[in-house]
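here you go, sequence then predicted model.
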Amino acid sequence: MGIFSFFSKDNNKEKLNKGLEKTKESVFSRISRSIVGKSKVDDEVLDNLEEILITSDVGVETSLRIIQRIEDRVSKDKYLGTAELNSILREEISALLLEKSSGEMEDFDVEDKGRPYVIIVVGVNGVGKTTTIGKLAHQFKNKGYSVMLGAADTFRAAAVDQLAIWADRVGVPIVSHGMNADPAAVAFDTLKSAISKNVDVVIIDTAGRLHNKVNLMNELSKIRNVMKKVIPDAPDEILLVLDASTGQNAIEQAKQFTAATDVNALALTKLDGTAKGGVVIGISDMFKIPVKYIGVGEQIDDLQVFNSKEFVDSLFS
């Protein structure tokens with residue numbers, strides 16, 4: 001690892017720490033207040049901690065799992081002090097996430113398949129889907145990959161225009177047929193073009209509608225079927241983008257989209273603007289789908305590869 005890699009890692013840690021500031025202030029100030037005057041971890045402390053975790057958008061099921069882990073430790077050591085609570089909480093959340101985090105990426109790398117690596121991006125309007133695509137393209141390009149975008153969210157003129165702005169900003173080509181075009185046709189032409197130009201990574205934007213799951217499912221199925229005419233085993237990734245600041249609503253969206261299509265990766269945006277960063281823990285625990293990327297700021301390089309250990313370390317730093 002070169003000196004610039006060390007600088008880059010340190011910079012990412014600093015951005016992660018800053019991005020989680022609101023969550024840390026919200027969660028840990030409440031934990032501190034809940035144990036004032038207490039010398040050991042008892043039922044009242046655990047009840048308060050459970051409430052704090054749930055209301056911090058960790059989620060009911062995940063919060064109960066964490067509390068159960070702490071209760072198991074308390075039962076082994078009857079004199080567990082409240083001064084140790086933060087370190088115990090850190091250890092148990094870390095252990096919970098590590099159980100779910102097999103094969104986490106170290107960096108913005110894609111598998112070399114001898115043809116374009118294809119990513120379909122899904123998510124409702126307003127979660128930062130198009131911005132995430134732009135930032136993802138920037139990170140892949142910085143890693144030395146050639147990237148092409150496909151504007152298949154053709155139901156909103158703003159989506160097509162916004163993606164074109166990002167393509168220009170990052171300096172990557174885009175395939176666009178404009179508003180009201182057939183999304184599947186856009187995807188087909190994007191893959192054809194990517195193959196002819198030996199592109200490494202293709203990222204396809206899609207419409208973010210949840211009001212009719214059947215239509216959403218049919219549309220995504222059509223896009224995938226058309227893609228397979230060009231690349232039989234495409235797509236490699238269906239990336240669901242969620243807005244962390246919406247808390248439990250993000251979990252609900254994850255449930256809806258995973259029911260509608262074969263999502264196999266998650267990106268959580270806007271962590272820097274919310275005190276609801278606990279939702280990352282809940283989503284990581286609840287779904288058998290890895291959180292792959294997190295957004296910790298508004299700058300073009302503020303999208304990071306999610307690392308559960310670094311996330312927990314930052315949360316408790």
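Noted; the coordinates are in hand. None of these values were measured; they are calculated from a predicted model.

count of residues packed around residue 29?
Residues lying near residue 29 (other C-beta atoms under 10 Å) number 11. All C-beta spots, glycine's among them, are computed from the backbone N, C-alpha and C.

now do whichever strand or helix holds it, average pLDDT.
Using DSSP states H and E, residue 29 falls within helix 21-34. On average, the pLDDT along helix 21-34 is 81.

got the buried residues for the helix or strand following it?
The helix or strand immediately downstream of helix 21-34 is helix 43-55, counting by DSSP H and E. For helix 43-55, burial by neighbour count (16 or more other C-beta atoms under 10 Å) applies to 45-46, 48-50, 52-54.

distance check, residue 186 against residue 151.
For residue 186, the distance to residue 151 equals 6 Å [C-beta to C-beta, to the nearest Å].

how about residue 239?
As judged by C-beta to C-beta, residue 239 and residue 151 stand 16 Å apart.

what do you get for residue 84?
In terms of C-beta to C-beta, residue 84 sits 53 Å off from residue 151.

what's the domain layout of the protein?
Domain ranges of the chain: 3-100, 117-307, per automatic domain parsing.

mind putting the ones you listed into TSV with distance to residue 108?
TSV is the format used below for the domains of the chain (distance: least, C-beta to C-beta, whole Å):
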stretch	distance to residue 108
domain 3-100	11
domain 117-307	4
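
tell me the most buried of these?
domain 117-307 (a mean of 20; mean count of other C-beta atoms under 10 Å).

low-confidence regions, the stretch 151-300 of the chain specifically.
Applying pLDDT under 70 to the stretch 151-300 of the chain picks out residues 209-213.

and the strands in it?
Along the stretch 151-300 of the chain, the stretches classed as strands by DSSP state E, counting those that start in this stretch are 174-175, 201-206, 237-243, 265-269, 291-295.

and these as CSV, adding distance to residue 254?
Formatted as CSV, the strands of the stretch 151-300 of the chain follow (distance: least, C-beta to C-beta, whole Å):
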stretch, distance to residue 254
strand 174-175, 28
strand 201-206, 16
strand 237-243, 6
strand 265-269, 7
strand 291-295, 10
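
residue 25 is in contact with residue 275, isn't it?
Yes: counting by C-beta atoms under 8 Å, residue 25 does reach residue 275; the two are 7.0 Å apart.

if we can go back for a sec, for residue 227, which of the strands of the stretch 151-300 of the chain is the nearest?
Residue 227 sits nearest to strand 201-206 of all those, at 8.3 Å, using C-beta to C-beta.

ok, back up a step: so what sits against both of residue 186 and residue 151?
In terms of C-beta atoms under 8 Å, 6 or more residues apart in numbering, residue 186 and residue 151 are both contacted by the residues 175-177.

just put these in a markdown table and tack on distance to residue 116.
Formatted as a markdown table, the shared contacts of residue 186 and residue 151 follow (distance: C-beta to C-beta, whole Å):
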| residue | distance to residue 116 |
| --- | --- |
| 175 | 12 |
| 176 | 17 |
| 177 | 19 |
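
so residue 38 touches residue 48, yeah?
No: judged on C-beta under 8 Å, residue 38 makes no contact with residue 48 at a distance of 9.2 Å.

residues in contact with stretch 247-256?
Taking C-beta under 8 Å, 6+ apart as the rule, stretch 247-256 contacts 57, 59, 123-124, 127, 210, 213, 240, 242-244, 246, 263, 266, 268, 274, 276, 279, 282-283, 286-287, 289.

just stretch 226-237 next, same as before
With C-beta under 8 Å, 6+ apart as the criterion, stretch 226-237 contacts 110-111, 113, 115-120, 184-185, 187-188, 191-192, 195, 204, 224, 264-265.
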